[in-house]
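Asker: need a 3D model of the sequence below.
(chains A and B)
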Amino acid sequence: MRLAVCVKHAIDETELRIDSSGKPQVDGAVGMMSTFDKNAVEEALRLRSAISGEVVAITVGGPEARKTLKEALAMGADRGVIVSADILAIDTLRTAELLAAAITKTGPCDVVICSEGSSDTYDGQVPPMLAELLGLPYAGYARKIEVDGGSAKVERSLEDTIEVVETTLPFVASVVSEINEPRYPTLIQIMQSSKKPIEEMNGDQLVQQGTRKQSSVVSMAAQSSSRRHVMIEGSPDEAAARLVEALVKDGVL
Amino acid sequence: MSLSVWVYSESEGVSDEVTSAALDLSMNIPAGPSVIDLGQARNGTHSAGGKLVLKGPPSSEPAPQVAAEAIFRAARELRPAAILIGATRNGREVASRLAAKLKVGCLSEAFKVSSDGQNLFAERNVYAGKVVAKVACPLPSIATVKVGAYPRSGSIPKETRELDVGHIDGQIRVLSRESKAAGSVDLKSAKVIVSAGRGIKKKEDLAMLEDLAKEMHGALGCSRPLSSDLGWLPEEHHIGLTGVTVKPELYIAVGISGQLQHVAGMKDSKIVAAINTDKDAPIFQASDYGIVGDLYQVIPAIRKALANRT
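Answerer: Here you go, the predicted model:
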């Protein structure tokens, strides 16, 4: 059993600085493993322990993305693949093309796991694009995955519905964060992860005839907040009474 | 490329919202919206546009993969300028697959779309709502439209066109569909939402907030840790980037620190009040009213103040 898990070195939105003109400083911003990717890695590890096999963590990005790959290795992935690309300059379709090519190159995979979307841009496009490009069945927004022999049963969490689907292997799945609680690597695991192999692939060589870049950012500005920020003081009873009074005055109670 | 905009969502309500978005493009893409019907027998389309019925897929609830292939076959033949799709979980799959099939760009989570006749533009939140971005994509292109961003438009379709796209098989088999928790919350339509966070010490204490929500004729929501890590509430209660997006008249955040990913789901609320023991909690930056205090004292006090009013 071979499992691939796709991870993204995403901009940490909590650390993202806004300059004096209201523009976010995306270049050189602090990165981290996209929050929900931890659930994807955890699920790959869980499936590996249930059926035994190998977990390959794959990322597309610059040299800084190694940090995220190493985190996946520290959590327990067996080896890593980094596909070089300027992640801020490529769009979702190119990312999916690079991941699809990298997965194909690493050898046959039984399950490809992604998170539902990255915590920075939250497009949620790469997992279904990946399935489309690989020609594999896709089960998105999984909250439970059970692999049994050559097939799998997946519980998909939709807006108002739980849909249980059955698919043959290999397939691509995206997971929601309810599916598991990601483990924290121990210090020993973090140290040992530096010995695990990381393969580098050159993105430009990997997909030479890809789709040209389609979407581009026209402008970015910090979200303006028009909140009043009134702090209500006093004892709990006083503060509560003032709050209720203010809310009645605002016409929302 | 024809000058038409196609609209698709597997949900009729969302389809009506996306039709409104499509009307935002009608100045530069004059043929107006055409609502795609994949056997769902849609009526509610705007009078400015028409209906495109795609025959072939067998089910009235086509899988996203099947819907994408059907729309792809039709688009190859009729070449629309833009395809707008409701950003539901299944809708995102349809849009992404379609983009990969057509090799065109796909903008996502647009709360506003526009066009200059050459490009499709989408305004959207990024970095968990910290930043608003305007993104462009040359026509023809695809965009997903954020659910709840546009009002529903509905009227009688002007013209109906039918196209046979042939039989399409999906790769996965649906074994069952079940509604999430019967009688579950409708946070989207609630006027008041009381929302619980990590400040709640034990599951039983949620009853106090549920009572407060009831007394305000509202609903109970929560931040991600409560539904995801602790499992104290079903995931339908989770408000945030990966959960439900809400915009009630009044949002009361109780014991919620105010991580960006939570704020992304409630920042369009009309009035926000927050109660937290930590005066530096980021939730106060996203609030109109803040009370620094112990929720176990403040919540009973609010309930008492409400009772005194009536």
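Asker: where does the stretch 101-250 of chain A have low pLDDT?
Answerer: Along the stretch 101-250 of chain A, no part satisfies pLDDT under 70.
Asker: which one of the residues in it is closest to chain B?
Answerer: A:Gln214 (2.6 Å; C-beta to the nearest C-beta). Placement of C-beta: from N, CA and C, glycine included.
Asker: what secondary structure does that residue sit in?
Answerer: Per DSSP: H, G, I helix; E, B strand; the rest coil, the secondary structure class of A:Gln214 is coil.
Asker: report the contact partners of it.
Answerer: By C-beta atoms under 8 Å, 6 or more residues apart in numbering or on different chains, A:Gln214 lies in contact with A:91, A:93, B:104-106, B:137-138, B:141.
Asker: per-domain residue ranges of chain B.
Answerer: B:5-164, B:187-309 (automatic domain parsing).
Asker: so which of the ones you listed is nearest chain A?
Answerer: domain B:5-164 (2.6 Å).
Asker: and the end-to-end length of that closest one?
Answerer: 19 Å (C-alpha to C-alpha, to the nearest Å).
Asker: quick one: mean pLDDT over it.
Answerer: For domain B:5-164, mean pLDDT is 88.
Asker: give me the buried positions along stretch B:94-103.
Answerer: Of the residues in stretch B:94-103, those with enough neighbours to count as buried (16 or more other C-beta atoms under 10 Å in any protein chain shown) are B:94-102.
Asker: restrict it to CA atoms and write it as PDB.
Answerer: Extracted in PDB, the C-alpha atoms of stretch B:94-103 (Å, rounded to 0.1, in the frame of the first residue of the first chain):
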ATOM      1  CA  VAL B  94     -17.500  20.700 -10.400                       C
ATOM      2  CA  ALA B  95     -15.700  24.000 -11.000                       C
ATOM      3  CA  SER B  96     -12.200  22.600 -10.400                       C
ATOM      4  CA  ARG B  97     -12.700  19.600 -12.700                       C
ATOM      5  CA  LEU B  98     -14.200  21.800 -15.400                       C
ATOM      6  CA  ALA B  99     -11.200  24.100 -15.200                       C
ATOM      7  CA  ALA B 100      -8.800  21.200 -15.600                       C
ATOM      8  CA  LYS B 101     -10.800  19.800 -18.500                       C
ATOM      9  CA  LEU B 102     -11.200  23.100 -20.300                       C
ATOM     10  CA  LYS B 103      -7.600  24.300 -19.300                       C
END
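Asker: what's in contact with that stretch?
Answerer: A:92-93, A:96, A:124-129, A:131-133, A:211, B:8, B:10, B:64-65, B:67-69, B:71-72, B:75-76, B:83, B:85, B:87, B:105-106, B:108, B:140, B:142-144.
Asker: buried subset of those residues?
Answerer: A:92-93, A:96, A:124-129, A:131-133, A:211, B:8, B:10, B:64-65, B:67-69, B:71-72, B:75, B:83, B:85, B:87, B:105-106, B:108, B:140, B:142-144.
Asker: where does the nearest residue to A:Arg156 once chain neighbours are set aside land in three-state SS?
Answerer: Spatial nearest neighbour of A:Arg156, chain neighbours left out: A:Glu163 (4.4 Å); criterion: C-beta to C-beta, 6 or more residues apart in numbering or on different chains. Per three-state DSSP, the local secondary structure of A:Glu163 is strand.
Asker: from A:Leu134, how far off is B:Ala100?
Answerer: Per C-beta to C-beta, to the nearest Å, B:Ala100 is found 10 Å from A:Leu134.
Asker: what of B:Leu102?
Answerer: Taken as C-beta to C-beta, the span from B:Leu102 to A:Leu134 is 17 Å.
Asker: all helices of the stretch 201-310 of chain B, in order?
Answerer: B:206-215, B:224, B:260-263, B:295-309 (DSSP state H, counting those that start in this stretch).
Asker: save those as a markdown table, and put in mean pLDDT too.
Answerer: As requested, the helices of the stretch 201-310 of chain B are arranged in a markdown table below (pLDDT from 0 to 100):
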| stretch | mean pLDDT |
| --- | --- |
| helix B:206-215 | 95 |
| helix B:224 | 93 |
| helix B:260-263 | 93 |
| helix B:295-309 | 94 |
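Asker: tabulate the ones you listed (JSON lines), appending distance to chain A and mean neighbour count.
Answerer: What follows is the helices of the stretch 201-310 of chain B, written out as JSON lines (distance: least, C-beta to the nearest C-beta, whole Å; neighbours: other C-beta atoms under 10 Å in any protein chain shown):
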{"stretch": "helix B:206-215", "distance to chain A": "10", "mean neighbour count": "17"}
{"stretch": "helix B:224", "distance to chain A": "7", "mean neighbour count": "24"}
{"stretch": "helix B:260-263", "distance to chain A": "5", "mean neighbour count": "24"}
{"stretch": "helix B:295-309", "distance to chain A": "3", "mean neighbour count": "18"}
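Asker: relative to A:Lys67, which of the ones you listed is closest?
Answerer: For the helices of the stretch 201-310 of chain B, proximity to A:Lys67 was assessed by C-beta to C-beta; helix B:260-263 is nearest, at 20.7 Å.
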